[in-house]
Every structure is written in structure tokens, then in C-alpha cells.
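**Student:** return atomic coordinates for the entry below.
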Amino acid sequence: MRISRTETDEELIVERTLYTRRYLLVLDKKRCIRCEICQITCPKEAIEVTVAERNSEEKYLSISIDEEKCSFCGICSAICPMGAITLKINEEETIPVLEKESFPKLIHEIKIDYSKCPIDCNECQEACPFNLIDIHKDKKKKIVKIDVDAAHCPGCRLCELKCPEGAISVKKIFFGVIRIEKEKCPEGCHSCVDVCPVPDVLKIADDGKVEVNDYCCIYCGACKVACPVPEALILKRTVIMHTPVQSGAWNSALEKLTSAKELSKELAAKRMMKAIDAVKRRVG
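**Tutor:** Have a look, this model is predicted:
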């Protein structure tokens, strides 16, 4: 068995080669927002996101994958809201935990009402902080086609917010609560603002403290990782939009990402749906 790790400015590649199989885990650094999602859910604790310093005033986040710990299970690939992690086995892209149905898919839901799209509007494309929207126009036929890379969209809803005609709607993947305890914020600190991937979710108010506009927050937790005072920034995920699944592996990940309370709610909802289905089968 051969294990290796290669890193460039654009990619981080972890490789494990056996006699009959070659595993590759590829992290696209251009897409990765260095959040805490994959770090929290990794069952082997192989992923670490840490705070680094570009200069004396600006902080940034760095991500590392331990090639010795990684089991190539694919959980990080399945749970990444940015679609920044790809797993390949013998050169074919795959996610073992999805194939085994032990983990759900995240739901990326974007709807566009083309009847409302003005031919001369580019607002959604310009608003997307991840460059995931491409607009094609035929002005002679007055046709607008909007291509959205939904697989890599974290559901920030900035495009929806900026659309003047209400033509685009986006459903969040993660719902939750984010709050700044201003009295606990270190004076002059703006580490959370520096690392937030979505513009204007976190910004410096007139009093020098950080304030939150959570409408476009994707609850990725990058701000939480960067905050030097854990009690100063409260972030809780309460709901994750995903496909149905019956799995202890997902239950464990859900509890880590949200809380035991939210896990109990989801399990109770599953039991209720099973009961409803059973009644329908008897009646029908």
C-alpha cells in the first residue's frame, strides 16, 4: 500500500494505492470556503481547518487532510455544500456512503421563472459570490437562458435577494441561528468578517462591532472557526435539507452538525412518516 499527499495552490490531493484499487480524494481550493462542515462530520478526524495570518491585521482559514487518517468513505464529499471535494476510485468519481445509502444527498433547490426575466438584466449573475450563474441571451428572439451550477451552490440566496423581478428563488440547504455577543467581541477584531464567504452577512457596524444579516447566511461555520473568543459568536444549525435516509452514520453526523435535540426531531418525524405510510398501506 502506498499513501501520499500532494498540495498546490489550486488542489489538495490525498492518494492511497492498493494492489487493485487507487483512491483519490481531491479538494478544490478554489471552491472550498474553509468551513467547519467537513471537519465536524469526518468520522476519522482527518480534516482540520485552522486560523492562519496573512499579515498582522487579516486572518484567513487553512484546511488540511491527514492522509494517514482518511478512510476514503466519501462523507466529506457528500456533505460539502460547495461540492469542493471529489472522491475517485480507479479514476471514477464515486461517493461510497451514497452508493450504500448510508448517507443522504444535500438538496440544492433553485427555481427560475423565465417569464419574469428581463432581457437586459444581469443582476443574479453579478450578485453570485461564487460565480455559479451564467446568463445567455438572444435579444432578437427576446430569450433569456440562465445556467446555474446548482451542484456547487450553497444556497446563500444573494441572487434571489438582488433579482429585481423576483424571477429566481433559492432554498437554503442549512437553516439555523447566528448571533454576535457584542460585549464579548475583542476590540477591533473582525476575523469573522474576513473569512465569511458571503458578502454583507457579517459586517462592521458604526460602533466598530460586528453585526449580522442572516438572510443570506449559509451557516457554514467559517466565522465560528475564525472567532478567537468562542462565546462571542453563536452559530447553531437547526435544519439540513437532504434526501431521505435510514442510517446510523447520518444520525451521528446530524447530531454533530446540529444538536441532539434536532436529531431527536428528525427521528420523530421519520417515525411519524413510517406510521402514516403503514396506515396508507392498510387503508389502500
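**Student:** mind listing the helices for the stretch 151-284 of the chain?
**Tutor:** Under the criterion DSSP state H, counting those that start in this stretch, helices of the stretch 151-284 of the chain are mapped to 158-162, 191-195, 222-226, 248-257, 260-283.
**Student:** now tell me which of these the model trusts least on average.
**Tutor:** The stretch with the lowest mean pLDDT among these is helix 260-283, at a mean of 69.
**Student:** pLDDT weak spots in the stretch 51-200 of the chain?
**Tutor:** Across the stretch 51-200 of the chain, the ranges flagged by pLDDT under 70 are 56-57, 141.
**Student:** which residue ranges of it form strands?
**Tutor:** Counting by DSSP state E, counting those that start in this stretch, one finds strands in the stretch 51-200 of the chain at the ranges 59-65, 85-89, 92-93, 109-112, 133-138, 143-148, 168-171, 174-180.
**Student:** tabulate these (JSON lines), appending mean neighbour count and distance to Pro186.
**Tutor:** Placement of C-beta: from N, CA and C, glycine included. Listed next are the strands of the stretch 51-200 of the chain as JSON lines, based on neighbours: other C-beta atoms under 10 Å; distance: least, C-beta to C-beta, whole Å:
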{"stretch": "strand 59-65", "mean neighbour count": "17", "distance to Pro186": "12"}
{"stretch": "strand 85-89", "mean neighbour count": "20", "distance to Pro186": "32"}
{"stretch": "strand 92-93", "mean neighbour count": "9", "distance to Pro186": "43"}
{"stretch": "strand 109-112", "mean neighbour count": "16", "distance to Pro186": "38"}
{"stretch": "strand 133-138", "mean neighbour count": "14", "distance to Pro186": "37"}
{"stretch": "strand 143-148", "mean neighbour count": "16", "distance to Pro186": "39"}
{"stretch": "strand 168-171", "mean neighbour count": "19", "distance to Pro186": "34"}
{"stretch": "strand 174-180", "mean neighbour count": "18", "distance to Pro186": "12"}
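**Student:** which one of the ones you listed lies nearest to Glu211?
**Tutor:** Nearest of the strands of the stretch 51-200 of the chain to Glu211, taken as C-beta to C-beta: strand 174-180 at 6.6 Å.
**Student:** show residues contacting that closest one.
**Tutor:** Identification of contacts with strand 174-180 by C-beta atoms under 8 Å, 6 or more residues apart in numbering yields 81, 155, 209-212, 214, 217-220, 223, 232-241, 258.
**Student:** try 6 Å
**Tutor:** 210, 212, 214, 217, 219, 233-240 (C-beta atoms under 6 Å, 6 or more residues apart in numbering).
**Student:** can you pick the most crowded of these?
**Tutor:** Compared across the contacts of strand 174-180, Tyr219 has the highest neighbour count, 30 neighbours, by other C-beta atoms under 10 Å.
**Student:** of all the strands of the stretch 51-200 of the chain, which one is nearest Glu7?
**Tutor:** Of all the strands of the stretch 51-200 of the chain, it is strand 59-65 that lies closest to Glu7, at 8.7 Å by C-beta to C-beta.
**Student:** okay, angle between the closest one and strand 85-89 too, please.
**Tutor:** On the basis of axes from the mean of the first three to the mean of the last three C-alpha atoms, to 10 degrees, strand 59-65 is oriented at 10 degrees to strand 85-89.
**Student:** quick one: strands adjacent to strand 59-65?
**Tutor:** Taking DSSP bridges as the criterion, strand 59-65 pairs within the sheet with strand 47-53 (antiparallel).
**Student:** how about the partner strand: buried residues?
**Tutor:** Going by neighbour count (16 or more other C-beta atoms under 10 Å), the buried part of strand 47-53 is Ile47, Val49, Val51.
**Student:** okay then, goodbye and thanks.
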